[in-house]
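Asks: Have a look at this prediction, sequence included:
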Amino acid sequence: MDSACHSKRSVQFRTLHSRGNRGPAPVSGPFVGSHFKEAFTMIESRFLRFPILVGVLAALSAPVAAETVHAKLQGYQEVPAVSSPGEGSFRAKIDKKRNMIDYELSYEGLQGTPFMAHIHLAQPGANGGISVWLCGNPPDASPPTGTPACPVPGGTVTGVLVANSVVGPAGQLIAPGEMEELIAAIRAGVTYVNVHTTAASGGVPGGEIRGQIK
Ligand SMILES: [Cu+2]
């Protein structure tokens, strides 16, 4: 047997053994019976309090670090309303600290062929300019580099939006790159997700289903 290994083990054993002897006070002396129980309960509750504190702190800090928003998409929310059999849902996690948005967009049952989807800036009942691309299919659309493809005829697309993803709308005072302003607009309820379908497929290029982000 390796001697170094052996000595290491015996040191470990001694350490454990001596610790056991020194142990917490309640084990020896006057701490017997109910005293021992009382001391043990005190130690136990002290250890239990710590995870509760950690949990409370985590709960308090969670809304600051990340926030989830969503939208239900349908033709009736378009301006003017569209009678589409399609429907969709959008979910996004806003990370204010990192200035990033993780999103997931799903849709199905559209009448036309989807070729692009965006987050636009406008209140319910109004149309506004494009702020970010969620998906796009060339050559019908000209999405910025790195934009994921729109699933055809339906499905789910996921992506990450960073400051560089923000393309505007400058005419509504969100300049390219102004992610903080887009996040503020999302929180204020003045953004919507719009899925566009091609005219060639019998869809609505201006948008077949839409959902205000809440
Ligand atoms: Cu759009």
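Replies: Yes, it's here.
Asks: what's near enough to touch residue 214?
Replies: Residues in contact with residue 214, defined by CB atoms under 8 Å, 6 or more residues apart in numbering, are 69-71, 189. Placement of C-beta: from N, CA and C, glycine included.
Asks: Now compare those and name the two farthest from each other.
Replies: For these, with distances taken as CB to CB, the pair at the greatest spread is 70 and 189 (12.1 Å).
Asks: where do the contact lists of those two overlap?
Replies: Overlap between the contact sets of residue 70 and residue 189, as judged by CB under 8 Å, 6+ apart, is given by 213-214.
Asks: What's the separation between residue 182 and residue 145?
Replies: 19 Å (CB to CB, to the nearest Å).
Asks: Comparing those two, which shows the higher neighbour count?
Replies: Legend: neighbour count by other CB atoms under 10 Å for residue 182 and residue 145, higher for residue 182 (24 against 5).
Asks: what about the more buried one, which SS state?
Replies: Per DSSP: H, G, I helix; E, B strand; the rest coil, the secondary structure class of residue 182 is helix.
Asks: looking at it, it is touching residue 120, isn't it?
Replies: No: between residue 182 and residue 120 no contact is recorded; they are 10.7 Å apart, counting by CB atoms under 8 Å.
Asks: Find residues that contact each of these two.
Replies: The overlap between the contact sets of residue 182 and residue 120 (CB under 8 Å, 6+ apart) consists of 131, 191.
Asks: Next up, the contacts around residue 120.
Replies: Listed by CB under 8 Å, 6+ apart, the contact partners of residue 120 are 127-131, 169, 191-194.
Asks: Whichever of those residues end up buried, select them in ChimeraX.
Replies: Selecting the buried subset of those in ChimeraX, with 16 or more other CB atoms under 10 Å as the burial test, is done by:
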select :128,130,131,169,191,192,193,194
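Asks: Report the entries of the contacts of residue 120 that also contact the ion.
Replies: If you filter the contacts of residue 120 for contact with the ion, counting by CB under 5 Å from the ion, you are left with residue 194.
Asks: and the residue of the chain found nearest the ion, helix, strand or coil?
Replies: Of the chain, the residue with the smallest distance to the ion, taken as CB to the ion, is residue 118 at 3.4 Å. Under the three-state scheme (three-state DSSP), residue 118 adopts strand.
Asks: Looking at the contacts of residue 120, spot the one nearest residue 106.
Replies: residue 193 (10.8 Å).
Asks: tell me which element the closest one falls in.
Replies: With secondary structure defined by DSSP states H and E, residue 193 is part of strand 191-197.
Asks: tell me which strands and helices that strand is in contact with?
Replies: If contacts are counted by 3 or more CB pairs under 8 Å, 6 or more residues apart in numbering; DSSP states H and E, strand 191-197 sits against strand 67-74, strand 87-95, strand 100-108, strand 114-121, strand 209-212.
Asks: Tabulate those strands in TSV, adding columns for mean pLDDT.
Replies: As requested, the helices and strands packed on strand 191-197 are arranged in TSV below (pLDDT from 0 to 100):
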stretch	mean pLDDT
strand 67-74	98
strand 87-95	98
strand 100-108	98
strand 114-121	98
strand 209-212	98
